[in-house]
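> Here is a sequence together with a model predicted from it:
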Amino acid sequence: MKRRVRVLMQTIWLVFCLQAGTVRAQLQTLWSGKRLLAEQRANLFARWQGESPFYGVLIEVPPDWSVHRAWALRFGHSPMALQIDTLVAGRFALQPARPITDPLVLCIEVTPGNPGVVFWQLAPLEPANAAATPTPSYTDRTQRLPLLVQPADLENPQNHVLAVRHSTWTLPIADTLRRWLDLQHPFTLALWLKSTARDAVVLSTWSGEELQSYPLELVLDEAGFLRVYRGRPGLHQALITPHPIADGSWHHVTLTYDPVSGWSRLYLDGQRVDSLFSPEHTPIDPPEALVLGGRPASSITSVGFEGYVDVLVLDRRVWSPAQIRRRFRQADPPTDGFRFDFESPLPHLPQGLQRRRADLFFFEPLQHLRVLRADNGYVLLNWTCTDRQTRAFLVERSTNGRDFTAIARLPARCEGLPYTFQDPSPPEVPVLYYRIQQVLEGNVLYPSTVFKLGLAPIQTGRALLLGNFPNPFQGRTTIQYELHTSMPIRLSIWDLSGHEVRVLIDAVQAAGQYTLTFEAEDLPSGTYFLRLKTPEGVQTHKMILIR
């Protein structure tokens, strides 16, 4: 086990260092769960790498939040606890006992306060103010991230989950299905997971013995990333999520294995995040057990897993990407194998396991949402909805992206038909922000992504690059442009070094308004430029990708 972790950590930290290059030390990426519960603990994460030492950071959260603990996590070292100094309400200095020169991941344990859309941000401490009492100073090196805090008593009366607290449970699967895990047969494993545990085994078929072959093990590592292992004596292979998921928010995890093609694929929240090719078809002995919350009869100890699990599926088939995107929103996906949805009481649960009400809701989010400026000065919002649980829509507007006001409530009849709303009196400001809340049963609100709309004078050229939304984005964003006459265009994505990384369109197009979805896939986090080239010239738009 130690050897397996050491080899994989060396590989990951090497990638981190190569990505850093000669860039000065900085906060490369921030991550937090998109939806957290008020008064329930969560983790915030950030990655630091570069040439200069790490002296600490200033963190700003809403004044009613609590910051409990923070660690610097480095390869080959034990987690280093950071000293936390409260400056003013909602502002804290996090500092190590001594400067750190290695790349690291920050993990900050917090408790959110009141519900609503909030922001948190980090700024690096410089040597000058690290030794003295730090003064909050947020500059262009500051990273800022939004998230949604939901009410503490949010419960779905139609859904239960399994709460795991430092306990293990051998899942009662049939022997015929267990024999399917011999790496000779295809399978799909899927589950919903919510946890803040680190260095903990979520699900395993491995006893911890180096000479044992095993088909799968799910681990939340010390930095909060999810790793999916499989192994043979002397060879442990893994897939890994692109960012930590031990953040206190619900995530859907899917692993598919196809022995014919040799590919294993890992999906997070419906999107593929990692792949592993292994043409080795030598069978292994079926596992003795599939254990939730630890390993079967293992002598290797780790931090006990604590968290929530829902809709755990083991299927004999390989789910396609389209099936995964569709099924992870379903409470009862069709399964050829077994499924635990925990809706019925489970007998003989070990101590530390209990069935309880969930704050996880299964619903279809809004699709094809666009915010446009009409020629008459009005603002048009378009979207489609297929979720039959949605009872109404709340259209909300903001001038700063934080404080939203409801401007309309519309009845919902979600049958896939497009909805259109016209804001007839947008305020005369340079920028407006819009979002739409889905109102579910029990008056539960689920907001859409926030969309930004610039209200500068309309350009007069024959082609107009409108930009992308959302921006910043996490993996997927919608790009929009207009052509007032037919012309050849080339729409492409460029990185900061001036290299063209994707060509989206290279063709002659008719006049009209165009919308397309851009999947960032394996592109690393950072700043990119959307470039529209036409006979009139070149237009560019900055895009920020956050993993």
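Looks like it arrived, so ask away.
> For residue 166, the count of nearby residues, please.
Per other C-beta atoms under 10 Å, the neighbour tally for residue 166 reads 15. (C-beta placed from N, C-alpha, C; glycine too.)
> What of residue 117?
Neighbour number of residue 117 under other C-beta under 10 Å is 17.
> so what's it closest to, chain neighbours aside?
residue 148 (5.6 Å; C-beta to C-beta, 6 or more residues apart in numbering).
> What's opposite that neighbour in the beta bridge?
residue 35, residue 117 (DSSP bridges).
> Distance check, it against residue 242.
Distance from residue 148 to residue 242, counting by C-beta to C-beta, to the nearest Å: 21 Å.
> I'd guessed the residue nearest to residue 117 sits against residue 119; true?
No - look at residue 148 against residue 119 with C-beta atoms under 8 Å: they stay out of range, at 11.0 Å.
> Please say which of these two ends up with more neighbours.
The residue with more neighbours, out of residue 148 and residue 119, is residue 148; 17 against 13, by other C-beta under 10 Å.
> ok, that one - contacts?
34, 35, 36, 116, 117, 118, 447 (C-beta atoms under 8 Å, 6 or more residues apart in numbering).
> before we move on, what about residue 99?
With the criterion set at C-beta under 8 Å, 6+ apart, residue 99 makes contact with 53, 54, 55, 127, 130.
> Figure out the helix or strand that residue 210 lives in.
In the assignment (DSSP states H and E), residue 210 maps to no helix and no strand.
> For it, grab the count of nearby residues.
13.
> Equivalent analysis for residue 496, please.
9.
> Quick check: closest non-adjacent residue to it.
Per C-beta to C-beta, 6+ apart, closest to residue 496 is residue 527, 5.6 Å.
> next structured bit after the helix or strand that contains the one you found?
Taking DSSP H and E as the definition, one finds residue 527 inside strand 526-534. Sequence order places strand 537-545 as the next helix or strand after strand 526-534, per DSSP H and E.
> hang on, isn't residue 35 packed against residue 154?
No - using C-beta under 8 Å, residue 35 is not in contact with residue 154, being 9.5 Å away.
> before we move on, the earlier item: between the contacts of residue 148, which sits nearest residue 294?
Distance ranking of the contacts of residue 148 against residue 294, using C-beta to C-beta, places residue 36 first at 26.2 Å.
> Please name the spatially closest residue to residue 286 (chain neighbours excluded).
Nearest to residue 286 is residue 179, by C-beta to C-beta, 6+ apart, at 4.4 Å.
> Measure how buried that neighbour is and give me the count.
13.
> Next: residue 535.
Count around residue 535 with other C-beta under 10 Å applied: 9.
> just checking, it touches residue 487?
Yes - with contact defined as C-beta under 8 Å, residue 535 counts as touching residue 487 (6.0 Å).
> what ranges of the chain fall below the confidence cut-off?
1-25, 128-143, 298-303, 374-376, 455-461, 547 (pLDDT under 70).
> which stretches of the protein form helices?
Here the chain has its helices, by DSSP state H, at 2-20, 127-130, 175-178, 321-327.
> Quick check: beta-bridge partners of the closest residue to residue 369 other than its chain neighbours?
What sits nearest to residue 369 in space, not counting adjacent residues and going by C-beta to C-beta, 6+ apart, is residue 383, at 4.1 Å. With DSSP bridges applied, residue 383 shows beta-bridge pairing to residue 419.
> Next, the contact list for residue 383, please.
Counted by C-beta under 8 Å, 6+ apart, residue 383 has contacts 366, 367, 368, 369, 370, 418, 419, 436, 448.
> need the residues you listed in a markdown table with distance to residue 356, can you?
Shown next, in a markdown table, are these (distance: C-beta to C-beta, whole Å):
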| residue | distance to residue 356 |
| --- | --- |
| 366 | 29 |
| 367 | 32 |
| 368 | 36 |
| 369 | 34 |
| 370 | 39 |
| 418 | 39 |
| 419 | 36 |
| 436 | 31 |
| 448 | 29 |
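> which of those are buried?
366, 369, 370, 419, 436, 448 (16 or more other C-beta atoms under 10 Å).
> Setting the sequence-adjacent residues aside, check what's closest to the fifth one.
Same thing as residue 436. Residue 436 sits nearest to residue 448 (C-beta to C-beta, 6+ apart), 4.6 Å away.
> right, and the one you found touches residue 369 too?
Yes - Residue 448 lies in contact with residue 369 (C-beta under 8 Å); the separation is 5.9 Å.
> Give me the common contacts of the two.
Common neighbours of residue 448 and residue 369 (C-beta under 8 Å, 6+ apart) are 383, 436.
> Grab the CA positions of stretch 475-487 and hand them over as PDB.
This file holds the C-alpha atoms of stretch 475-487, laid out as PDB (Å, rounded to 0.1, in the frame of the first residue of the first chain):
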ATOM      1  CA  GLY A 475     -15.300  22.000 -17.900                       C
ATOM      2  CA  ARG A 476     -18.200  23.200 -20.000                       C
ATOM      3  CA  THR A 477     -19.300  26.600 -21.300                       C
ATOM      4  CA  THR A 478     -21.600  28.000 -23.900                       C
ATOM      5  CA  ILE A 479     -20.100  30.200 -26.700                       C
ATOM      6  CA  GLN A 480     -22.200  32.700 -28.600                       C
ATOM      7  CA  TYR A 481     -21.600  34.900 -31.700                       C
ATOM      8  CA  GLU A 482     -23.600  36.700 -34.400                       C
ATOM      9  CA  LEU A 483     -23.100  37.000 -38.200                       C
ATOM     10  CA  HIS A 484     -25.100  39.800 -39.900                       C
ATOM     11  CA  THR A 485     -24.200  38.300 -43.400                       C
ATOM     12  CA  SER A 486     -22.800  35.100 -44.800                       C
ATOM     13  CA  MET A 487     -19.100  34.800 -44.400                       C
END
